[in-house]
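Asks: Have a look at this prediction, sequence included:
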Amino acid sequence: MKQKLSKILHIVVDVLVILVLVVSLLIATLSLTSKSSGVPNIFGIAPLSVQSGSMSGTFEPGDLIFCKVTNDPSTEYQKDDIVTFPIEIDGVDTLNTHRIVDVIKDDNNTYYQTQGDNKYTNPVADEALQTSSTIVAKYTGTKIGGLGTVLSFLRTQLGFFLCVLLPMIIFFLYEAVRVVLNVIAYNKEKALEEAKATVASSELTEEQKKKAIEEYLASLNESKDETDGKSE
């Protein structure tokens, strides 16, 4: 029973380690791609966390939405496309996702008028017009409710420490203890085999052989305890 529980524990630990490694790789990839393309993405798909209610009715704060990276100046967008573009809030650059409500063309350029779907918080269209050069992604229509809050937390220093670094530290400590216990078990088994081999070659009764093995193992334990006491 004990051996079965130990095996189950090892499987659970291995699964958790794989999950932690996947999360850490995900966060690292999002950070690197954000610097290169202007929007965090994995293979061209940007998972974005909804921070405000400006698009309520389409997606809500805390949702995780998936957008396709389209930061190509030659890309053309249509009315009703939901697009992502950078804006500045209180001196901090952030990404904003709104719907295109109008397409304005002149002889040289095409401009896109955007507005949030929530008319209570966004009664009028956005002041700044967007172009294909400023739009970095287009909403795919896929979202997962509530998961955006989790991703936002994981990308903070506290979230990364609690969900990635701390589990990895615990795992390495667990593995270190397991290695030490395995070494001790191996040495004990090896000592037992040596004792059996020595006793088997001698002319003793079965009871004497058994007693000799027990005394041999006891002497090894006493020797180990003396060594530990000197090291302290």
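Replies: Noted; the coordinates are in hand. Please read all numbers here as calculations on a predicted model, not as lab measurements.
Asks: Work out for me the element residue 94 sits within.
Replies: Assigned by DSSP states H and E, residue 94 falls within strand 92-105.
Asks: and that strand, average pLDDT?
Replies: Mean per-residue pLDDT for strand 92-105: 91.
Asks: Please name every helix or strand in contact with it.
Replies: Helices and strands touching strand 92-105, by 3 or more C-beta pairs under 8 Å, 6 or more residues apart in numbering; DSSP states H and E, are strand 82-89, strand 110-115. C-beta coordinates here come from the backbone N, C-alpha and C atoms, glycine included.
Asks: tell me which residues in the last one are buried?
Replies: When neighbours are counted by 16 or more other C-beta atoms under 10 Å, the buried residues of strand 110-115 are found to be 112, 113, 114, 115.
Asks: Need the residues you listed in CSV (columns: distance to residue 167 and pLDDT).
Replies: Listed next are those as CSV, based on distance: C-beta to C-beta, whole Å; pLDDT from 0 to 100:
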residue, distance to residue 167, pLDDT
112, 44, 95
113, 47, 95
114, 41, 95
115, 43, 94
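Asks: Count the neighbours of residue 9 for me.
Replies: Neighbourhood size, residue 9 [other C-beta atoms under 10 Å]: 11.
Asks: Confirm it sits in a helix?
Replies: Yes - judged by DSSP: H, G, I helix; E, B strand; the rest coil, residue 9 forms part of a helix.
Asks: and it, what pLDDT?
Replies: The model reports residue 9 with a pLDDT of 70.
Asks: again with residue 38
Replies: In this model, residue 38 carries a pLDDT of 70.
Asks: Could you do residue 159 as well?
Replies: 76.
Asks: got TSV for the helices and strands packed on strand 92-105, with distance to residue 48 too?
Replies: Converted to TSV, those look like this (distance: least, C-beta to C-beta, whole Å):
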stretch	distance to residue 48
strand 82-89	7
strand 110-115	15
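Asks: any idea which of those strands scores lowest on pLDDT?
Replies: Of all the helices and strands packed on strand 92-105, strand 82-89 carries the lowest average pLDDT, namely a mean of 90.
Asks: just to revisit the earlier point, could you spell out the sheet neighbours of the strand holding residue 94, each with its direction?
Replies: As defined by DSSP bridges, the strand partners of strand 92-105 come to strand 82-89 (antiparallel), strand 110-115 (antiparallel).
Asks: Flag every buried residue along the following helix or strand past the shortest one.
Replies: Beyond strand 110-115 on the C-terminal side, the first helix or strand identified by DSSP H and E is strand 137-144. By neighbour count, and taking 16+ other C-beta under 10 Å as the criterion, the buried residues in strand 137-144 are 137, 138, 139, 143.
Asks: now swap in stretch 160-178 and tell me
Replies: Neighbour counts using 16+ other C-beta under 10 Å place 160, 163, 164, 167, 171 of stretch 160-178 among the buried residues.
Asks: quick revisit: residue 106: which of the buried residues of strand 137-144 is nearest?
Replies: Using C-beta to C-beta, residue 138 comes nearest to residue 106 of the buried residues of strand 137-144, at 22.7 Å.
Asks: Tell me the pLDDT of the closest one.
Replies: On pLDDT, residue 138 comes in at 94.
Asks: Start the count at 45 instead of 1 going forward.
Replies: Got it, first residue is 45 now, which makes that one residue 182.
Asks: Any idea what it is bridged to?
Replies: Beta bridges link residue 182 to residue 112, residue 127 when assigned by DSSP bridges.
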